[in-house]
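Participant: What would the 3D arrangement of this be:
(chains A and B)
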Number of protein chains: 2
Amino acid sequence: MLALCGAALLVSESAHAQAAAAQARGLTKPSPLAPSEIVAAAPASDWVAIQPSDLLVMDLPPLAGKARRVVIQLIPAPFSQGWVGNIRKLAAAHWWDGMAVTRVQDNYVAQWGDPNGETPKAKPLPPGLVTVPESEYIVHPTYQRGDTKAQRQTLLSLGVQDNGSLKPNDRDAYSESTTLYLGWPIGTGNDHGRPSIWPVHCYGMVGVGRNLSPDTGSGAELYTVIGHAPRHLDRNIALVGRVISGIDNLSSLPRGTAELGVYATAAEHTPIAQIRLGSEVADLPRYQYLSTESASFARYADARANRKDDFFIVPAGGADICNIPVPVRKAP
Amino acid sequence: MLALCGAALLVSESAHAQAAAAQARGLTKPSPLAPSEIVAAAPASDWVAIQPSDLLVMDLPPLAGKARRVVIQLIPAPFSQGWVGNIRKLAAAHWWDGMAVTRVQDNYVAQWGDPNGETPKAKPLPPGLVTVPESEYIVHPTYQRGDTKAQRQTLLSLGVQDNGSLKPNDRDAYSESTTLYLGWPIGTGNDHGRPSIWPVHCYGMVGVGRNLSPDTGSGAELYTVIGHAPRHLDRNIALVGRVISGIDNLSSLPRGTAELGVYATAAEHTPIAQIRLGSEVADLPRYQYLSTESASFARYADARANRKDDFFIVPAGGADICNIPVPVRKAP
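Facilitator: All right, here's what the predicted structure looks like:
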């Protein structure tokens, strides 16, 4: 890096280049591993395959000869409420083909759907979409007679104790506690005395645009977070997935100049060439995520919260849930 | 908004458009004010003028005929350590003219400086720049004999009690507590028993690139945060200001494809036409920020943490410090 451009550089995910340079300069004290180095050293068994049928592949038209593909992982049970089924139907119907990115608001969201929205010129939605009630923004995990050991362990890992109460375990401003569960960032809390869990709005999470309550959206209008986590939206909007590849194709689009970052003119829209389920895409790489239940992930999360690699002077002693992004890679 | 494009919209800073639409549809229950409405209603006396001499004005070459200006507010005392003085000298020397944006890393930072960095081809720095020690990343506020009532009140507002100890007051993952002070987001903690305070890495904050410790950078190499707050950098890098206008000119640039988001080729750099202190720029608007010590700001912060305007179903009951951005406006 230094050899490349000679600039004084802020080191981020990997202190590797600077550490190597430091060692070359004779500073040979080995440094604790950077988070990226822990991830790189994780054994194959700590990686979980993401099924192509759980991916949504959005292709924007090439720009300056460069393909623009965004890959979204759909969220699994117990968070895959009816919106996810709707999205599978919309993708199977090729409904988004010819739709557009209509809104990019700085430090907030990029949003896509029908530029004609709910006007008479709107594109008809495919049949069979369900209407989902607001109550499904939250999941209530409970111990059941006959739970397997694994199911009980899962509830424990979410902070739900045997007596059904919830154990607060961190310093989150928006929930009793947060955790990473089955590869997803989760908030937990008490909903009228019942333990409740919900996915949270970290960078890259994908959610369902809606009108005023009690409307919860169909799933046809989607957005992704391109700024600081807007956690005030948690439990207020459905989250259905996250971008695992190519988010820069959305986050680097010009910002809209009308209210809320909507593009002032249709000419500014970025058209969507197509959106397909991953199972319909021939040339798709196989993706994996680092199991949030693995020992490697525990080490990675600890290193994110206590940076001790060469660049750092003062480890923070903590990290908010959205500053521990779940590592995703192409299968080697 | 609905009339404009008819799309199902995610409402963000202002629920005004949807609330108006709801009222038009006969849902006339008045809604608690949205944060943006509280800001709009703040009296003139709650706004603080930002002096032009405390601004750094970066002009990138026009793109498709559109001017690209980024305005940065320099941080005041007690956080204006030597780096800020260096930046004033660099701007006065017109040192950045012809330099470039050399790195844009998604969900992290955009960085600018000398493309030739520390190589023999580097542009010489102006004379008189100071070297600042790492200890100045943190400020130690203390009660002094003879403190005015206002000074004591300020310390109290930062959580520093009369006996010099620090009172934790929130659920922040990175510090004992956080607050907004003189218009800036601040973390507080104990440093070997001494109360300590420091500015934090929220979206748009501007910091000083550096090499490995004990290097702290000169101020010639700067970056701004364009993603989720990288709070692990707090107390590890100097923060010197924040972007108050035009950050989209940096956050929407193409991402670099080399390691750490550095551009792989010089052809991808965005050149800097010029950077000037605001006092040297003829046509600069007068900017103001909403006093973080005002009643309006207290109401705004409470509304950010407890959204009850029409769009919201479940108020979060809290907000992290970086989700309460300090409102800035052009003087009316």
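Participant: who's in contact with A:Tyr289?
Facilitator: A:Tyr289 makes contacts with A:47-48, A:50, A:73, A:183, A:244, A:326-328, as judged by C-beta atoms under 8 Å, 6 or more residues apart in numbering or on different chains. The way it works is simple: take the backbone N, C-alpha and C, and place the C-beta from them, glycine included.
Participant: I figured A:Gly82 was touching A:Glu136, is that so?
Facilitator: Yes - with contact defined as C-beta atoms under 8 Å, A:Gly82 counts as touching A:Glu136 (7.1 Å).
Participant: Pick out whichever of these two has more residues nearby.
Facilitator: A direct count of neighbours by other C-beta atoms under 10 Å in any protein chain shown for A:Gly82 and A:Glu136 places A:Gly82 higher, at 18 against 14.
Participant: Quick one, grab the pLDDT at the more buried one.
Facilitator: Reading off the confidence values, A:Gly82 has pLDDT 95.
Participant: That one and chain B: what is the separation?
Facilitator: 16 Å (C-beta to the nearest C-beta, to the nearest Å).
Participant: same question, A:Ala295
Facilitator: Using C-beta to the nearest C-beta, A:Ala295 is found at 22 Å from chain B.
Participant: which ones are touching that residue?
Facilitator: Residues near A:Ala295 by C-beta under 8 Å, 6+ apart: A:Asp46.
Participant: Give me the phi and psi for it.
Facilitator: The phi/psi pair for A:Ala295 (degrees, to the nearest 10) reads phi -60, psi -40.
Participant: confidence score at it?
Facilitator: The score at A:Ala295 is 92. That number is its pLDDT.
Participant: And the residue of the stretch 51-200 of chain A that's closest to chain B?
Facilitator: A:Gly117 (2.9 Å; C-beta to the nearest C-beta).
Participant: wait, is that residue part of a helix?
Facilitator: No - counting by DSSP: H, G, I helix; E, B strand; the rest coil, one finds A:Gly117 to be coil, located in no helix.
Participant: residues near it, how many?
Facilitator: By the criterion of other C-beta under 10 Å, A:Gly117 has 21 neighbours.
Participant: do A:Lys66 as well
Facilitator: 8.
Participant: if I read this right, A:Arg299 contacts A:Val39, doesn't it?
Facilitator: No - the pair A:Arg299 / A:Val39 is not scored as a contact, 9.2 Å apart, by C-beta under 8 Å.
Participant: Phi first, then psi, for the spatially closest residue to A:Tyr137 that is not a sequence neighbour.
Facilitator: Distance criterion C-beta to C-beta, 6 or more residues apart in numbering or on different chains; nearest residue to A:Tyr137, sequence neighbours excluded, is A:Arg235 at 5.0 Å. In terms of degrees, to the nearest 10, the main-chain angles of A:Arg235 are phi 70, psi 0.
Participant: How many residues are close by A:Arg235?
Facilitator: Neighbours around A:Arg235, by other C-beta under 10 Å: 26.
Participant: For it, give me its contacts.
Facilitator: A:137-138, A:187, A:198, B:313-314.
Participant: Kindly provide the distance from it to B:Ala316.
Facilitator: Distance of A:Arg235 to B:Ala316, given as C-beta to C-beta, to the nearest Å: 8 Å.
Participant: Over to A:Ser177?
Facilitator: Distance of A:Ser177 to B:Ala316, given as C-beta to C-beta: 14 Å.
Participant: Between those two, point out the one with more neighbours.
Facilitator: B:Ala316 (22 against 19).
Participant: Tell me who's in contact with the more buried one.
Facilitator: Shown in contact with B:Ala316 (C-beta under 8 Å, 6+ apart): A:173-174, A:231-232, A:234, B:305-307.
Participant: can you map out the strands along the stretch 101-250 of chain A?
Facilitator: For the stretch 101-250 of chain A, strands defined by DSSP state E, counting those that start in this stretch occupy the ranges A:109-113, A:177-181, A:184-191, A:194-199, A:205-208, A:222-225, A:239-245.
Participant: mind listing what the fifth one pairs with, with the direction of each?
Facilitator: Same thing as strand A:205-208. With DSSP bridges as the test, strand A:205-208 is paired with strand A:222-225 (antiparallel), strand A:239-245 (antiparallel).
Participant: That strand - what's its average pLDDT?
Facilitator: 98.
Participant: quick one: low-confidence ranges for the stretch 1-150 of chain A?
Facilitator: Applying pLDDT under 70 to the stretch 1-150 of chain A flags residues A:1-31, A:143, A:150.
Participant: go again using 50 as the cut-off
Facilitator: Applying pLDDT under 50 to the stretch 1-150 of chain A flags residues A:1-20, A:22.
Participant: follow-up on the earlier one: can you turn the buried part of the contacts of A:Arg235 into a ChimeraX selection?
Facilitator: With 16 or more other C-beta atoms under 10 Å in any protein chain shown as the criterion, this ChimeraX line picks the buried residues out of the contacts of A:Arg235:
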select /A:137,138,187,198 /B:314
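Participant: Let me know the secondary structure of A:Asn86.
Facilitator: Following three-state DSSP, the label given to A:Asn86 is helix.
Participant: Once you drop chain neighbours, what's closest to it?
Facilitator: That would be A:Gly219: by C-beta to C-beta, 6+ apart, it lies 3.7 Å from A:Asn86.
Participant: Burial check on the one you found, number of neighbours?
Facilitator: When neighbours are counted by other C-beta under 10 Å, A:Gly219 comes out with 28.
Participant: pretty sure it is in contact with A:Leu239, am I right?
Facilitator: No - using C-beta under 8 Å, A:Gly219 and A:Leu239 do not qualify as a contacting pair, with a distance of 11.5 Å.
Participant: Next one: A:Ala42 from chain B, what distance?
Facilitator: Remark: distance between A:Ala42 and chain B (C-beta to the nearest C-beta) = 20 Å.
Participant: Secondary structure element holding the nearest residue to that residue once chain neighbours are set aside?
Facilitator: Nearest residue to A:Ala42, sequence neighbours excluded (C-beta to C-beta, 6+ apart): A:Ser296, at 3.6 Å. A:Ser296 belongs to helix A:295-305 when assigned by DSSP states H and E.
Participant: buried sites along that helix?
Facilitator: By neighbour count on 16+ other C-beta under 10 Å, the buried set for helix A:295-305 is A:296-297, A:299-301, A:303-305.
Participant: ok, so of those residues, who is nearest B:Thr224?
Facilitator: Using C-beta to C-beta, A:Arg304 comes nearest to B:Thr224 of those, at 21.8 Å.
Participant: what about that closest one, distance to chain B?
Facilitator: 7 Å.
Participant: Show the contacting residues for that residue.
Facilitator: Contact partners of A:Arg304, counting by C-beta under 8 Å, 6+ apart, are A:35, A:319, A:323-324, B:232.
Participant: can you redo the residues you listed as CSV with distance to B:Asp59 and secondary structure?
Facilitator: Conversion of the contacts of A:Arg304 to CSV gives the following (distance: C-beta to C-beta, whole Å; DSSP: H, G, I helix; E, B strand; the rest coil):
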residue, distance to B:Asp59, secondary structure
A:Pro35, 37, helix
A:Ala319, 36, coil
A:Asn323, 33, helix
A:Ile324, 38, coil
B:His232, 32, helix
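Participant: Okay then, goodbye and thanks.
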